[in-house]
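# With the sequence up front, the predicted model follows.
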Amino acid sequence: MKHYKINEIFYSIQGEGYNAGRAAVFVRFSGCNLDCYFCDTCHTSGTPMTAPQICQEISRYPASLVVLTGGEPALFVDQQLCDAIHALGKQIAMETNGTCPVTVPIDHITCSPKFEFCADAPLRLSRMDELKVVYTRHNDMTLYDHIEAQSYFLQPCNVGDPQENQLTLQATLDYVLRHPKWRISLQLHKILGVQ
Ligand code: SF4
């Protein structure tokens, strides 16, 4: 039986974007096709798990939402795993960098493009429910103008410096007020102090 390399499975609140505030089971895959300089995910560690083992872990929690994240989950998620999660009666959301086509039945696709940071990261998604851009105050927002999505989220970049963060938050607010197709995404889980 196929094994998927899993960094961790944990239960928390979705802090960002369209599903912010919802309890969810997070399945974090190990491995990515990009190498962003700011990445804080280990791409080498991970435990091999089968779809039934992943589902057994997911079943421990009552949330109806499962978030597949990474790393880059689109490299690994297949029909077998989607079917197994759907058979539990759960909704599947995926957080992806958008560089791999998603041909499996995902209920909600969030794309966070990395083409501003990685030279070879063109988008290859045929559908996007949510576009999420981390706003640094230096983004070239014209790069996102042509991208079609159901909803658009701008998330102030947290650099760890309170003064810088305040400036970025204000700039994000200003941008959204001038471009109201975008909505602000705050990292609720950080405000709540949860994983
Ligand atoms: S796309 Fe995401 S997971 Fe992959 S290297 Fe960049 S930040 Fe890390």
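Yes, it's here.

# residues of the strand ranked longest in the chain that come out buried?
Taking DSSP state E as the assignment, the strand of the chain that covers the most residues is strand 4-13. Across strand 4-13, burial judged by 16 or more other Cβ atoms under 10 Å covers 4, 5, 6, 7, 9, 11, 12, 13. For every residue, glycine as well, the C-beta is placed using N, CA and C.

# Which pLDDT value goes with the fifth one?
The predicted structure scores residue 9 at 97 on the pLDDT scale.

# now the helices: where do they sit in this protein?
For the chain, applying DSSP state H gives helices covering 51-58, 79-87, 162-178, 188-192.

# Of the ones you listed, which is nearest the ligand?
Nearest of the helices of the chain to the ligand, taken as Cβ to the nearest ligand atom: helix 188-192 at 16.7 Å.

# Give me the helices and strands touching that closest one, please.
strand 4-13 (3 or more Cβ pairs under 8 Å, 6 or more residues apart in numbering; DSSP states H and E).

# list the contacts for residue 101?
Neighbouring residues of residue 101 by Cβ atoms under 8 Å, 6 or more residues apart in numbering: 74, 124, 125, 126.

# okay, it: pLDDT?
As predicted, residue 101 sits at a pLDDT of 96.

# measure residue 65 to the ligand for me?
Per Cβ to the nearest ligand atom, to the nearest Å, residue 65 is found 20 Å from the ligand.
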